[in-house]
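Engineer: build the 3D model from these lines:
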Amino acid sequence: MDLRADSIAVVRTASHFHEALQRGDTVEVKKLVALDLSVLEGGEVGNRAQYLCHHLAADIEFAKAVRSERSVVSYTRQRSVAWLVSTSTATGTFDGRDINSAGAELMILTRAQKIWQIRAVHWSSQRRQAR
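Structural biologist: Take a look at the predicted model:
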């Protein structure tokens, strides 16, 4: 795989993950995350099983209810490891609360047999000031 195709594949994997959340496609999410996934959020670290059993459903409901816009800030690749830094804004209503937040995401992906999988993701967000 050439460098450009690899770059596209990494960004596409991250995009497919977020699109799968919006569609509620748990089968696709499971394909995109590695068996040794680590999820860092809210000061806690979870593994793949914890994410799939305890957090995925809420992430799907949030993604369906709230409009999000993402932008890739940076992409770096070293051999079969890549990391992708993105920012986002989220607006809407979720669970009876108005949402207006800015977020940051760090995804670490690895390639095995030409397939990129998400190995770790770190999310953080904060409320945006009303203008």
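Engineer: low-scoring stretches of the chain, by residue?
Structural biologist: 1, 130-131 (pLDDT under 70).
Engineer: quick one: strands adjacent to the lengthiest strand in it?
Structural biologist: Secondary structure assigned by DSSP state E gives strand 97-112 as the longest strand of the chain. Strand 97-112 has the following strand partners under DSSP bridges: strand 81-94 (antiparallel), strand 115-127 (antiparallel).
Engineer: how about residue 46, nearest residue that isn't a chain neighbour?
Structural biologist: With sequence-adjacent residues excluded and distances taken as Cβ to Cβ, 6 or more residues apart in numbering, residue 46 is closest to residue 39, at 4.6 Å. To be clear about C-beta, it is placed using only N, CA and C from the backbone, and glycine gets the same treatment.
Engineer: the strand or helix carrying the one you found: which residues count as buried?
Structural biologist: Per DSSP states H and E: residue 39 is located in strand 33-41. Neighbour-count burial for strand 33-41 flags 33-34, 37-39, 41 (criterion: 16 or more other Cβ atoms under 10 Å).
Engineer: sorry, back to before: including mean neighbour count and distance to residue 25, could the strands paired with strand 97-112 go into JSON lines?
Structural biologist: Listed next are those as JSON lines, based on neighbours: other Cβ atoms under 10 Å; distance: least, Cβ to Cβ, whole Å:
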{"stretch": "strand 81-94", "mean neighbour count": "16", "distance to residue 25": "19"}
{"stretch": "strand 115-127", "mean neighbour count": "16", "distance to residue 25": "15"}
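Engineer: residue 66: which of those is closest?
Structural biologist: Comparing these against residue 66 with Cβ to Cβ, the closest turns out to be strand 81-94 (3.8 Å).
Engineer: contacts for the closest one?
Structural biologist: 6, 10-11, 14, 61-62, 65-76, 98-111, 116, 125, 128 (Cβ atoms under 8 Å, 6 or more residues apart in numbering).
Engineer: report the buried members of those.
Structural biologist: Buried among these by 16+ other Cβ under 10 Å: 6, 10-11, 14, 62, 66, 68, 75, 99, 103, 105-111, 116, 125.
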